[in-house]
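>>> Can you look at this prediction? I've put the sequence above it.
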Amino acid sequence: MIPLEAYVAVSAILFMTGLVGVLVRRNFIVVLMCVEIMLNAANINLVAFSHYLESMAGQMAALFNIAIAAGEAAIGLAIIIVVFRGKIATNVDEINILKW
Amino acid sequence: MMTFDLTLTGSDLLLVLPEIFLTLWLCTVLSVDFSMRKVEHETLAYLSIGGLLATVFILIWFDQAGIIGSLFKNMYVVDHLSIFFKILILLATAMVIFISIDYVKGFRFFKGEYYFMVMMSGLGMMFMASANDLISVFVTLEFSTFGFYVLVAYLRDDIRSSEAGLKFFILGVFAAGLLAYGISLVYGETGTLIFSQMAGNPGSYGLAIGFLLIFAALGFKIGAVPFHSWIPDTYQGAPTPVTAFLSIAPKAAAIAILIRMFYVGLASFKPMWVLLFVCASIISMTYGNVVAIAQKNIKRLLAYSGIAQIGTIMVGLAAGTKQGSDAILFYLLTYLFANIGAFAVVIAVNNFINSDEIEDYNGLNRRSPFLAAAMFLFLLSLAGVPPLAGFIGKLYLFVAAIEEELYTLLIVGLINIVISMYYYLIVVKKMYINEPVDSTPVTVSLPIKTVVYVCVAGTLLLGIYPKAFIDWAVSATLMFSKIAPPATAAHSSLLGG
């Protein structure tokens, strides 16, 4: 039996990976991937807690998370394509018409 | 044995009648748009406004007849508080569609879809106002924000709009990541996702981290410092009616969630979150007002002023009493009229001279006395000058802070009113005293004129006769009269004086 702490540790490591990635990486696609990692870290937590607490609410929340992550990816890629058409840029630093 | 069952009865469906009605209505608007090519986009706009106002009437009926309750195992609640916020959001949505009509004429494609997206975001925020557990908070928050991602980047040919959309999107999904992880931690610590069942939890580090993450995510939505970095750029680049929408509706909906979460779920940890809100309020007010002084673009000025206004609204959350929540509700009403009115004037000027620079407001009084006078009134209300609505709202908030002996917050708030007066009056000086470069009269179209008149009337009415609206706010928050405990001596001495 794998203890709960193991799951929480894995999810914390994943979350920190995603968090640091969003703050450090400059490519939009990679930033989007890092956000997906953060959401999936939350899913691991939710499912693990749901199993140990014997309540279904966590698994349901994880399903909603997955659906929302898919929607986010769709809208995000659409916006990135619009920006890419207007100006050849996929890096955060090259998007600087408005004062940051 | 783990089981999960959801039942849905006829009386449950009645509770979501406004949302079902609006959903059907906006599907109708979309169908009319793509099936009848001859229909002008103005017709679609008035059709949308009709649907929104009909939904407001259903909600008023709910409020009067006392049709309240909860459904989906307490995940979704319809009470007087949520009805108040829904009416506020629907009024904002209807006014935004009104001020969009002229703006949409300039679009080359997707004119009808614009109204659909605006109503869709409005619908998402209606659900936010009813969210009573963390799953519904997450889903409804993303529902409304998805609409805004598209709306902010709506001008495909304008690189500034796309850029604003991208910045908003990156920070928005980052906030969603924080929110999801925060929810998972809170669930692990308390074993529940429903606010009312969290009350009485002994508390732990995991719970504290989880709630701080959720607070950060909602801070992004309301634009509180230090989570404000997307606000000025997004406001400047987005289509101006969308900026007007962003500046009030999502903030109001997120405030509804904050009130519910902290007043109901975390009532036992009140001293800690009071400290959190006192700090956030002081930083937001001061930062927003000081940075606003240096702005040259009217949309950026209103963006920073919005950050400061959120700081003022958080004074009520810092008080953490029923009176604080009443004051927040009333203040949001005053902010709705003053802010949408100010943006309506900005849109009217932009439609005519195609510029948002404050320099171009020089001598606006000569070019359009009506717009200049209206803008003067809205800016004074935002600053909090009697006898306008903003004055009563600020007074009410600060009285709630005095009752809780938060004197530091009070003094910072008063200093900030003086700072804000300075940059609002700079705009007023440019409009009234400076000479115009080009003195052709500015013509204002009928829809924008209507919204400006409605906002002027609202600002004056809330200032001169606030009693009816205060009574409404007080009755909307009756549920908090028992829950929020009185301030203890320990935390008063910690924060006071």
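Nice, I can see it. Please read these numbers as outputs of a predicted model, since none were measured by experiment. Numbering: from 1, shown residues only, chains lettered A, B, ... in the order given.
>>> contacting residues around residue B:472?
Shown in contact with residue B:472 (Cβ atoms under 8 Å, 6 or more residues apart in numbering or on different chains): residue B:84. (Glycine included, C-beta is placed from N, CA and C.)
>>> how long is stretch B:186-195 from one end to the other?
By Cα to Cα, to the nearest Å, the extent of stretch B:186-195 from end to end equals 11 Å.
>>> typed the wrong thing, it's stretch B:286-305
End-to-end for stretch B:286-305, by Cα to Cα: 10 Å.
>>> from the middle of its chain, how far away would it be?
Distance of stretch B:286-305 from the chain centroid (Cα atoms, centre = their mean, to the nearest Å) equals 18 Å.
>>> Show me which residues of that stretch are buried.
B:286-289, B:291-292, B:295, B:297-305 (16 or more other Cβ atoms under 10 Å in any protein chain shown).
>>> what helix or strand is whichever residue of the stretch 301-450 of chain B sits closest to chain A on?
Of all residues in the stretch 301-450 of chain B, the one sitting closest to chain A is residue B:303 (11.2 Å; Cβ to the nearest Cβ). Assessed by DSSP states H and E, residue B:303 sits inside helix B:298-319.
>>> That helix - contacts with which helices or strands?
helix B:231-237, helix B:240-260, helix B:270-292, helix B:322-353, helix B:389-403, helix B:407-432 (3 or more Cβ pairs under 8 Å, 6 or more residues apart in numbering or on different chains; DSSP states H and E).
>>> between those, which one is nearest to residue A:47?
Distance to residue A:47, taken as Cβ to Cβ, is lowest for helix B:240-260 among the helices and strands packed on helix B:298-319, at 24.6 Å.
>>> low-scoring stretches of the chain, by residue?
Just so you know, I chose chain A. The model of chain A has pLDDT under 70 over residues A:87-100.
>>> meant chain B, my bad for not saying
The model of chain B has pLDDT under 70 over residues B:1-4, B:482-497.
>>> Which elements pack onto the helix or strand containing residue B:21?
Using DSSP H and E, residue B:21 maps to helix B:17-35. If you count contacts as 3+ Cβ pairs under 8 Å, 6+ apart, helix B:17-35 packs onto helix B:41-65, helix B:111-130.
>>> Mind doing that once more with 10 Å?
When contacts are defined as 3 or more Cβ pairs under 10 Å, 6 or more residues apart in numbering or on different chains; DSSP states H and E, helix B:17-35 sits against helix B:41-65, strand B:76-78, helix B:80-105, helix B:111-130.
>>> Now the host helix or strand of residue B:215: buried residues?
Assigned by DSSP H and E, residue B:215 belongs to helix B:205-222. For helix B:205-222, burial by neighbour count (16+ other Cβ under 10 Å) applies to B:207, B:210-211, B:213-222.
>>> Break down chain A into its helices, ranges please.
Applying DSSP state H to chain A gives helices spanning A:4-24, A:28-53, A:57-86.
>>> and among these, the most buried is which?
For these, the largest average neighbour count (mean count of other Cβ atoms under 10 Å in any protein chain shown) is found in helix A:28-53, namely a mean of 21.
>>> Show me how far that helix is from its chain's centre.
7 Å.
>>> same thing with stretch A:25-40?
Stretch A:25-40 sits 6 Å away from the centroid of its parent chain (Cα atoms, centre = their mean).
>>> for stretch B:468-478, same thing?
18 Å.
>>> Let me see the contact set for the closest residue to residue B:83 other than its chain neighbours.
Once flanking residues are discounted, residue B:83 sits nearest to residue B:63: 4.8 Å by Cβ to Cβ, 6 or more residues apart in numbering or on different chains. Residue B:63 makes contact with B:79, B:80, B:83, B:84, B:86, B:87, B:472, B:475, B:476, according to Cβ atoms under 10 Å, 6 or more residues apart in numbering or on different chains.
>>> Which members of those are the farthest-apart pair?
Using Cβ to Cβ, those span at most 15.2 Å, a distance reached by B:86 and B:475.
>>> Need the helices and strands packed on helix B:17-35 in a markdown table (columns: distance to residue B:167).
Listed next are the helices and strands packed on helix B:17-35 as a markdown table, based on distance: least, Cβ to Cβ, whole Å:
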| stretch | distance to residue B:167 |
| --- | --- |
| helix B:41-65 | 28 |
| strand B:76-78 | 32 |
| helix B:80-105 | 21 |
| helix B:111-130 | 18 |
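>>> quick one, which of these is nearest to residue B:438?
Per Cβ to Cβ, nearest to residue B:438 of those: helix B:80-105, 20.3 Å.
>>> How much space separates the residue nearest to residue B:305 when sequence neighbours are not counted from residue B:36?
Excluding its sequence neighbours, the residue lying closest to residue B:305 (Cβ to Cβ, 6+ apart) is residue B:292, at 5.3 Å. Counting by Cβ to Cβ, to the nearest Å, the separation of residue B:292 from residue B:36 is 45 Å.
>>> With residue B:52 instead?
Distance from residue B:52 to residue B:36, by Cβ to Cβ: 21 Å.
>>> Neighbour count: these two, which is higher?
Each of residue B:52 and residue B:36 has its neighbours counted (other Cβ atoms under 10 Å in any protein chain shown); residue B:52 has more, 25 against 11.
>>> List the contacts of the more buried one.
B:22, B:25-26, B:89-97, B:118-119, B:122-123.
>>> let's go with 8 Å and repeat that
B:22, B:90, B:93, B:94, B:97, B:119, B:122.
>>> Contact partners for the closest residue to it other than its chain neighbours?
Spatial nearest neighbour of residue B:52, excluding adjacent residues (Cβ to Cβ, 6+ apart): residue B:94 at 4.3 Å. By Cβ under 8 Å, 6+ apart, the contact list for residue B:94 reads B:49, B:52, B:53, B:56.
>>> List buried residues within these.
With burial judged by 16+ other Cβ under 10 Å, the buried subset of the contacts of residue B:94 is B:49, B:52, B:56.
>>> picking up where we left off before, separation between the residue nearest to residue B:52 and residue B:451?
According to Cβ to Cβ, residue B:94 and residue B:451 sit 9 Å apart.
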